[in-house]
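>>> Predicted coordinates and the sequence they were generated for:
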Protein chains: 2
Amino acid sequence: MAKTSTPSRERIVTGAADMISRRGLSATSIREMAKHAKAPLGSTYHYFPEGKQQLATEAVRHTGDQVARSLRQELKAGPAAGLNAFLALWRKVVADTDFHAGCPVLAVAIEEPPADEVPPALEAAAEVFEQWEGLLADSLREHGADAEQAAQIATLIVAAVEGTVAMCRAKRSTEPLDRTAAQLQALIADALGG
Amino acid sequence: MAKTSTPSRERIVTGAADMISRRGLSATSIREMAKHAKAPLGSTYHYFPEGKQQLATEAVRHTGDQVARSLRQELKAGPAAGLNAFLALWRKVVADTDFHAGCPVLAVAIEEPPADEVPPALEAAAEVFEQWEGLLADSLREHGADAEQAAQIATLIVAAVEGTVAMCRAKRSTEPLDRTAAQLQALIADALGG
DNA sequence: TTCTGGCTATAACGCTTGTCATAGCCTAAC
DNA sequence: GTTAGGCTATGACAAGCGTTATAGCCAGAA
C-alpha cells in the first residue's frame, strides 16, 4: 500500500528549499519550516538531528539534484538546449512566485560561515555549483569547445543566471533574464560555430 | 578641534554595509551594527529613525555610489578598463576577507519582501543595479556598440560578476572570477571589434 | 496480546531580536 | 551663566530563535 502522498521527511526538505529560496537561510526558522511542511516541530529534529544546518544542507542538495536532472536531460539536445532549459527553469521560479523566490543555493552561498570553519550547507552549495558547471562544460566539450573555453563558459552561465535571478527579484521584472539569455545564447553559438 | 576621524553616522552606514555583505540583512542585528561601528545603540535610532530598513537602504546606496564612482572613473579609459576595474574591485573584497564578504546589494536583493509591498532597501538595490548597468551600457555605446547589445552586455556583466562573487565564496576560491573575467573580456573585445 | 520503536505532542531553557522610552550628558549659542 | 538641543546611556518590552527533554501515541512484529 502506498503511503499517503509525500512522506513527511521529503515534504520538510522541499519546503525548506522553498523557504530558503525566498527568505535566505538565517531568516527561515525551523518552526516555520515545520509549519510550512505541515509537520510537527519535533519531527524536524527527529529526521534531522543535527538541526538547521543539516536541514539546509539537504535542501541545497535536493534542489541541486533536481536541477541537475533537468539539465542532464535537456543537454542531450546540445548545449544551447541545455542553456535554454536552465534559463526557463529559473524564469519560471521567479515569475511564478511574483519575484519572491530565487535560488536556495545562492542564498546559502552568501551566508557568512564561522571563522575557521566550513558549514556543511556551504560546502553543499559549492558542490552544487560545481555539478551544474560540470554538466554544462562536458556538453560544450562534446560539441567542439576546447576544455578551457568550455569551463569558462560553463562558469559564466551558472554565475550569470544566478546573478540575473537576483536582479530580476530586485527589479520585479524578468527583463534582465531576457538580456542575459540573449547574450549567453549568442556566446554559445559563437563558441561552437567558430 | 576636528572630530575624531569619521563621524558616527557615516561609520554606522559603512559598517552596516560591511556586515550586510557578510551575513545578509536579516542575520545582521542593529545591536551588532552599532557595536561594529563603536556607536551606542541609541545613536542608530537617532540617526535612522525608521530603523533597520532605513539603515539597510542607506548602506545599499552607499556601496552603490562608491562602486559607481570607481566605475565612472575607470570607464574613461573604455569599457574593457571599466570591466577590469569592476572585476578587480570585487576580487579584492572577496580575497581580502578570506571569502567571508560579498556584495551587500545582492544580499539585500534576495531578501523576501512582505506581500504587496516593496521595502525601500530592495528598491534601492534595484536602483543600484540599474545605475551600474547604465554606466557600462553608456560606455559600450560610446565605443561603437548598438543600444540593444550594449544594454544586454551591461546586464550580463553585472549579473555575472554578482553571481561569480557568490560562487567564489562557496568554493573559497577566486578561480570562478578568473574564468568569468576571461569570458567577459573576450565578449567586450568581440562586441567592439566587430 | 504484548512489546518494540518510529513518530508526535508539549513544554521549557536561555538567548537574541527590533523597537521604544526615559533620563542624562555635554557642547555650543546667546 | 544660562539655556537649548544633539547625542548618549540604560533599561525595558513582547516576540521569536535553536535546541533539548520528556512523555505519549500508535502501527506492525512476536
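Received, thanks. Numbering: from 1, shown residues only, chains lettered A, B, ... in the order given.

>>> The closest residue in space to residue A:182 that isn't next to it in sequence: neighbour count?
Excluding its sequence neighbours, the residue lying closest to residue A:182 (CB to CB, 6 or more residues apart in numbering or on different chains) is residue B:152, at 5.2 Å. Yep, even glycine has a C-beta here, placed from its N, CA and C like the rest. Residue B:152 is flanked by 24 other residues according to other CB atoms under 10 Å in any protein chain shown.

>>> Check which helix or strand residue B:152 maps to.
helix B:147-171 (DSSP states H and E).

>>> So for the helix or strand that comes right after that helix, what gets flagged as buried?
Following helix B:147-171 in sequence order, the next helix or strand is helix B:175-193 (DSSP H and E). Using 16 or more other CB atoms under 10 Å in any protein chain shown as the test for burial, helix B:175-193 gives B:176-177, B:179-184, B:187-188, B:191-192.

>>> Put together TSV for these, with pLDDT and distance to residue A:39 on each row.
Formatted as TSV, the buried residues of helix B:175-193 follow (pLDDT from 0 to 100; distance: CB to CB, whole Å):
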residue	pLDDT	distance to residue A:39
B:176	98	36
B:177	98	40
B:179	98	41
B:180	98	40
B:181	98	45
B:182	98	47
B:183	98	44
B:184	98	45
B:187	98	47
B:188	98	50
B:191	96	52
B:192	94	56
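
>>> Show the backbone phi and psi for residue A:52.
Here is the backbone geometry of residue A:52 (degrees, to the nearest 10): phi -60, psi -40.

>>> give the contact list for it.
Going by CB atoms under 8 Å, 6 or more residues apart in numbering or on different chains, residue A:52 touches A:25, A:30.

>>> Kindly export the helix or strand residue A:83 falls within (C-alpha atoms) in PDB.
Using DSSP H and E, residue A:83 sits in helix A:79-96. Once non-C-alpha atoms are left out, helix A:79-96 reads as follows in PDB (Å, rounded to 0.1, in the frame of the first residue of the first chain):
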ATOM      1  CA  PRO A  79      24.500  22.900 -25.000                       C
ATOM      2  CA  ALA A  80      22.100  25.500 -26.400                       C
ATOM      3  CA  ALA A  81      19.100  23.500 -25.400                       C
ATOM      4  CA  GLY A  82      20.600  22.900 -22.000                       C
ATOM      5  CA  LEU A  83      21.100  26.600 -21.500                       C
ATOM      6  CA  ASN A  84      17.600  27.400 -22.600                       C
ATOM      7  CA  ALA A  85      16.200  24.900 -20.200                       C
ATOM      8  CA  PHE A  86      18.300  26.300 -17.400                       C
ATOM      9  CA  LEU A  87      17.100  29.800 -18.200                       C
ATOM     10  CA  ALA A  88      13.500  28.700 -18.500                       C
ATOM     11  CA  LEU A  89      13.700  26.900 -15.200                       C
ATOM     12  CA  TRP A  90      14.700  29.900 -13.200                       C
ATOM     13  CA  ARG A  91      12.500  32.300 -15.100                       C
ATOM     14  CA  LYS A  92       9.600  30.100 -14.100                       C
ATOM     15  CA  VAL A  93      10.600  30.100 -10.400                       C
ATOM     16  CA  VAL A  94      10.900  33.900 -10.400                       C
ATOM     17  CA  ALA A  95       7.800  34.600 -12.400                       C
ATOM     18  CA  ASP A  96       5.500  32.000 -10.600                       C
END
